[in-house]
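Visitor: next come a sequence and a model predicted from it.
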Amino acid sequence: MTSERAITWLLRIYIGLIFCFVFAPIAASFVFSFNSDRFPTIPLGDFSLQWYKNIYNDPAIWDALRNSLTTASVVAFVSTFIGFCTAYTDYRYRFFGKNFYLALALLPPTVPLVIFGLAMLAWLSQINMSGRSWSVIIAHVVLCTPFAMAIIRLRLAQMDQSLESAAWNLGASEWRAMREVIIPFTLPAIVSALCLTAAVSFDEFAVAWFVSGLNQTIPVVVLEILQGQVDPRINAIGTFVFLTSMTLVIIAQVLIMSRDKSKEDAG
Amino acid sequence: MNDSAVENSKGPQGNAVSAAEKTNLFALIWRLPMLVWQSIFFAIPLLFLVYLSFWLVRNYRMEPGFDPVNWIKMFSKDYFWDAYVYTFGLAFLSTVVASLIAFPCAYALSFKVSETARRWAIFFLIIPFFTSYLVRVYSWQIIIAENGVINAMLSYVGLGPFIMLNTAFGSIVGYLTLTLPLVVILQTFSIASIDRNLIEAAHNLGCGRLRTVFTVIVPLAKIGLIIGALFCFILSFGDFVSPYYLGGSKPPTLSILIIDTTKSGQQWPKAAVVAVTMIVTLLVVAFTSVGLAYRKRT
């Protein structure tokens, strides 16, 4: 069946093309960040680190980086904590209005960021909390919690449900069972959620742009540079941002994948 | 729902002591953080936005009120309706294009590669979804610009230059950057979970490849295909980066309208009108699609 084979290979090439499309902008940003020409095109100019030197010497970038790192770390811990609480609640309890509860937990990523940004700006101004250093943190926790919740909930779904009750029957209090059974079991997912939420916060620009005021994060700086002319510094910043968030997302995924594997081995 | 009945009938956690399922302090400590945070910083802000759309602006200052004047003004403007139709049409086009481009890829990932390869493919498709969309759009800007990479390549073979940047084509490229990985993933999940025996049976009964795709695979994967399309529509409809930086904001979309209105001073109530209109549109689209996805076949 040669035609069958031809179709198989054509479809595989098609997958390759899709991946080219998806990764082309990331690759382009990487390549052009080392390119000396002011307008990035081919043929390439000389190899140059000038754009990296340029951003390295820009105090505004360093301020933004500090803001971004602080925001991302705080957001990661708070949203993972809230996500864990929500996942455990969903795993263990049934109560009146649970569907509503879960909708509230999972809906935020489906609201367009511009709309949520505007709502957040208006509301935070109303309660006198906009333009502060923690305004972005508050908004990002809202956006990141659903991801943390989903990851941890998936891990809990893999747990043998009798483990926790076994601990109770052996005399452990609810708190002790939580500490010695639930948390150790979900630990890979917790770390995974920390990485993923940090990545989401580190990359988020729309809501941050609305509420950050003077405390700009890296993506907000990129957005403001973009409004001017073509500026090759963005490739250098972009390469750094890509590397950071890709590392975080890869760690997050490897933690999830390895736990799948350990389950297969056990099963 | 009667929760005690549920508890008795199923005993939610196997042989868990039923007393432990009562709402005690322990239960509340886990339940409340999300409820409090997402109420104060998600539900209330969105409700406040609805309220804000009825506020008044006098002498460049906002005043609380309950006046439909912003709604009447906004809805009587031609540029608002132009933006509405354009945004809806562009998002719809993006949804159709993304679904069509993604389908052969999802089909191939489901049937033409090993399970390990499929898992790795999804691994790599998840990465860009969480990787700076903004910088990727900038990258496209330099790739499709008039003297950018693609036109430079085409000029070697004597073609072009083609104007791609600041056109609807540019916007669609940007939307696809945002949505294509997600659509491929959702379609792959639903196609890969189809019972192979059904496809085998169709083949044995003499059903050709294309016919199998349209009469067996598409109907069975319907839910995943529609949910993928729905997410694509939501993301495209609300995005402002692609239509602004790749579409040249000509004409502006609703999201660009919101930003221009917000950033130009105290016109937040008008921006709120646009935002609420968008949310209502998305709700209608979402309910329609979910209804379509789960509709019983007659």
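Guide: Received, thanks.

Visitor: residues contacting B:P161?
Guide: The contact partners of B:P161, by C-beta atoms under 8 Å, 6 or more residues apart in numbering or on different chains, come to B:E146, B:N147, B:N151, B:L154, B:S155. Just so you know, the C-beta spots here come from the backbone N, C-alpha and C atoms, and that holds for glycine as well.

Visitor: how about 10 Å then?
Guide: Applying C-beta atoms under 10 Å, 6 or more residues apart in numbering or on different chains to B:P161 gives the contacts B:A145, B:E146, B:N147, B:G148, B:I150, B:N151, B:A152, B:L154, B:S155.

Visitor: and the residues you listed as TSV, adding distance to chain A and secondary structure?
Guide: Formatted as TSV, the contacts of B:P161 follow (distance: C-beta to the nearest C-beta, whole Å; DSSP: H, G, I helix; E, B strand; the rest coil):
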residue	distance to chain A	secondary structure
B:A145	8	coil
B:E146	10	coil
B:N147	6	coil
B:G148	6	coil
B:I150	10	helix
B:N151	8	helix
B:A152	5	helix
B:L154	11	helix
B:S155	10	helix
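
Visitor: now those as JSON lines including pLDDT?
Guide: Shown next, in JSON lines, are the contacts of B:P161 (pLDDT from 0 to 100):
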{"residue": "B:A145", "pLDDT": "87"}
{"residue": "B:E146", "pLDDT": "84"}
{"residue": "B:N147", "pLDDT": "82"}
{"residue": "B:G148", "pLDDT": "84"}
{"residue": "B:I150", "pLDDT": "88"}
{"residue": "B:N151", "pLDDT": "87"}
{"residue": "B:A152", "pLDDT": "86"}
{"residue": "B:L154", "pLDDT": "87"}
{"residue": "B:S155", "pLDDT": "86"}
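
Visitor: are any of those buried, and which?
Guide: Burial by neighbour count, 16 or more other C-beta atoms under 10 Å in any protein chain shown: within the contacts of B:P161 this picks out B:A145, B:G148, B:I150, B:N151, B:A152.

Visitor: how about the first one, what does it touch?
Guide: Okay, so that is B:A145. Per C-beta under 10 Å, 6+ apart, neighbours of B:A145: A:39-41, A:230, B:151-152, B:161, B:163-166, B:170, B:246.

Visitor: tell me which residue in chain A sits closest to chain B.
Guide: Here chain A gets closest to chain B at one residue, A:P112, 2.3 Å apart by C-beta to the nearest C-beta.

Visitor: which residue does the stretch 101-250 of chain B have closest to chain A?
Guide: Nearest residue of the stretch 101-250 of chain B to chain A (C-beta to the nearest C-beta) works out as B:G238 at 2.3 Å.

Visitor: touching, that residue and A:T110? I think so.
Guide: Yes. Look at B:G238 against A:T110 with C-beta atoms under 10 Å: they come within range, at 9.3 Å.

Visitor: find residues that contact each of the two.
Guide: A:F116, B:L282.

Visitor: quick revisit: which of the contacts of B:A145 ranks first by neighbour count?
Guide: B:L246 (27 neighbours; other C-beta atoms under 10 Å in any protein chain shown).

Visitor: need the pLDDT of that one.
Guide: pLDDT for B:L246: 93.

Visitor: separation between it and A:V230?
Guide: For B:L246, the distance to A:V230 (C-beta to C-beta, to the nearest Å) stands at 13 Å.

Visitor: which ones are touching A:V75?
Guide: Applying C-beta under 10 Å, 6+ apart, the residues contacting A:V75 are A:136-145, A:148, A:194, A:197-198, A:200-202, A:204.

Visitor: let's verify it: helix, strand, or coil?
Guide: When classified by DSSP: H, G, I helix; E, B strand; the rest coil, A:V75 comes out as helix.

Visitor: and it, how close does it get to A:R66?
Guide: From A:V75 to A:R66 the distance is 15 Å (C-beta to C-beta).

Visitor: repeat for B:V157
Guide: Counting by C-beta to C-beta - B:V157 and A:R66 are separated by 48 Å.

Visitor: all strands for chain B, in order.
Guide: Assigned by DSSP state E, chain B shows strands spanning B:56-58, B:61-63.

Visitor: run a quick neighbour tally on B:V69.
Guide: 15.

Visitor: same deal with the one 5 residues further on?
Guide: Number of residues near B:M74 (other C-beta under 10 Å) recorded here: 21.

Visitor: thought B:F66 was touching B:Y51?
Guide: Yes. Using C-beta under 10 Å, B:F66 is in contact with B:Y51, at 8.2 Å.

Visitor: related to what we said a few turns ago, so for B:G238 and A:T110, which residue has more residues nearby?
Guide: Per other C-beta under 10 Å, whichever of B:G238 and A:T110 has more neighbours is B:G238, with 25 against 15.

Visitor: what stretches of the chain score poorly on pLDDT?
Guide: Defaulting to chain A. Scanning chain A for pLDDT under 70 picks out A:1, A:259-267.

Visitor: should've been chain B
Guide: B:1-22, B:297-298.
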